[in-house]
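Trainee: Whatever this is, show me its structure:
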Amino acid sequence: MTTSSNHSNTLILEMTSLLVGIILGTTAAAILVMLIIFSSTAVGVTPLVNSLNGVLPADIHAAIAAQVKAMGFPLTGDSPAYWYLARSSALIGYLFMWLSMVWGLLLSTKLVKNRISPALTFSTHEFLSLSGLGFALFHAFILLGDGYLKFGLADILLPFHAAFKPGLVSTGIISLYLYALLVGSFYLRKRIGQKVWRAFHYTTFVAFLAVTAHGLFIGTDSTLAIVRVMYLSAATSVLFLVYYRMLTGGKKPSRRTAKVSQ
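Mentor: As a prediction, this is how the structure comes out:
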């Protein structure tokens with residue numbers, strides 16, 4: 001009876017964690033999508049800005065109007081707003097992926113042993129992973145609206161199809177597919193087995209390395225010193241935690257942790 005009850009509680013925890021992770025992980029990306037819809041020609045951002053005339057001081061209103069125009073709103077085929085959204089979502093997605101990597105590595109060391117409940121650690125890892133995947137997908141598909149690159153659906157889905165820097169673009173596409181499989185493997189662990197899942201999970205490092213190279217060598221913002229420092233710091237921190245894990249031998253998950261994460 002106790003075993004059946006524990007299994008039911010674990011199943012409820014998993015389903016609740018999945019639901020919360022999906023909701024939270026896609027909220028930020030959904031907000032960005034709503035901003036695009038709101039800023040489209042059909043709704044119009046210009047009338048909204050004009051409606052603030054007389055409400056805000058003239059200099060502030062003029063500054064907002066100039067910024068909206070500089071960002072390319074309302075959205076049209078030649079608007080740079082698509083490019084700005086693609087760049088920002090790429091950076092945010094990369095940071096979420098890095099946090100997911102760091103969190104996962106910390107959980108396998110003695111640094112957080114018995115300090116955080118297994119339910120919270122699993123839900124946090126799930127949230128970070130889904131958030132990274134959500135922003136990565138948004139980054140890929142928002143490029144369809146960019147008038148400069150003129151990407152088609154095949155360019156963002158098929159490796160080596162795009163004419164623009166095919167090698168680096170393909171690195172991003174392949175790493176996105178791999179990352180999606182890794183996130184999806186969380187929910188297939190029981191079917192494929194713990195050993196197979198753990199072996200496949202090591203490809204996370206391949207995906208992270210590929211994404212880092214993709215962003216560092218193709219990203220417009222990688223010309224900025226602060227962005228280069230971000231990429232190098234993220235990669236260095238992951239390498240350090242991998243070395244620390246190898247040095248200490250990690251930590252064996254408790255029975256309670258294993259039940260929550262399976």
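Trainee: going forward, measure contacts between C-alpha atoms and count neighbours the same way
Mentor: Noted.
Trainee: Below-threshold pLDDT in the stretch 51-200 of the chain: ranges please.
Mentor: Within the stretch 51-200 of the chain, the stretches with pLDDT under 70 are 51-56, 61, 64, 67-79, 110-114.
Trainee: Helices of the stretch 151-262 of the chain, start to end?
Mentor: Remark: helices assigned in the stretch 151-262 of the chain by DSSP state H, counting those that start in this stretch are 153-157, 166-185, 189-192, 194-201, 204-218, 225-248, 255-261.
Trainee: okay, those helices in TSV with distance to residue 117 and mean neighbour count next?
Mentor: Converted to TSV, the helices of the stretch 151-262 of the chain look like this (distance: least, Cα to Cα, whole Å; neighbours: other Cα atoms under 10 Å):
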stretch	distance to residue 117	mean neighbour count
helix 153-157	39	16
helix 166-185	21	19
helix 189-192	21	12
helix 194-201	21	13
helix 204-218	24	18
helix 225-248	20	15
helix 255-261	8	15
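Trainee: which one of those lies closest to residue 126?
Mentor: helix 166-185 (8.0 Å; Cα to Cα).
Trainee: could you check the angle helix 204-218 makes with that closest one?
Mentor: Between helix 166-185 and helix 204-218, the angle comes out at 150 degrees (axes from the mean of the first three to the mean of the last three Cα atoms, to 10 degrees).
Trainee: Now tell me what touches helix 166-185 from outside.
Mentor: Applying Cα atoms under 8 Å, 6 or more residues apart in numbering, the contact partners of helix 166-185 are 129-130, 133, 136-137, 156-162, 197, 200-201, 204, 206-208, 210-211, 213-214, 217-218.
Trainee: send the alpha carbons of it over as CSV?
Mentor: Provided in CSV are the C-alpha atoms of helix 166-185 (Å, rounded to 0.1, in the frame of the first residue of the first chain):
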residue,chain,number,x,y,z
PRO,A,166,25.9,28.0,-43.8
GLY,A,167,28.4,26.4,-41.5
LEU,A,168,27.6,28.5,-38.5
VAL,A,169,23.9,28.6,-39.2
SER,A,170,23.9,24.8,-39.4
THR,A,171,25.7,24.6,-36.1
GLY,A,172,22.9,26.5,-34.5
ILE,A,173,20.2,24.4,-36.2
ILE,A,174,21.9,21.1,-35.2
SER,A,175,22.5,22.2,-31.6
LEU,A,176,18.8,23.3,-31.4
TYR,A,177,17.6,19.9,-32.4
LEU,A,178,20.0,18.2,-30.0
TYR,A,179,19.0,20.5,-27.2
ALA,A,180,15.3,19.8,-27.9
LEU,A,181,16.0,16.0,-27.8
LEU,A,182,17.8,16.5,-24.5
VAL,A,183,14.9,18.4,-22.9
GLY,A,184,12.5,15.8,-24.2
SER,A,185,14.5,13.0,-22.8
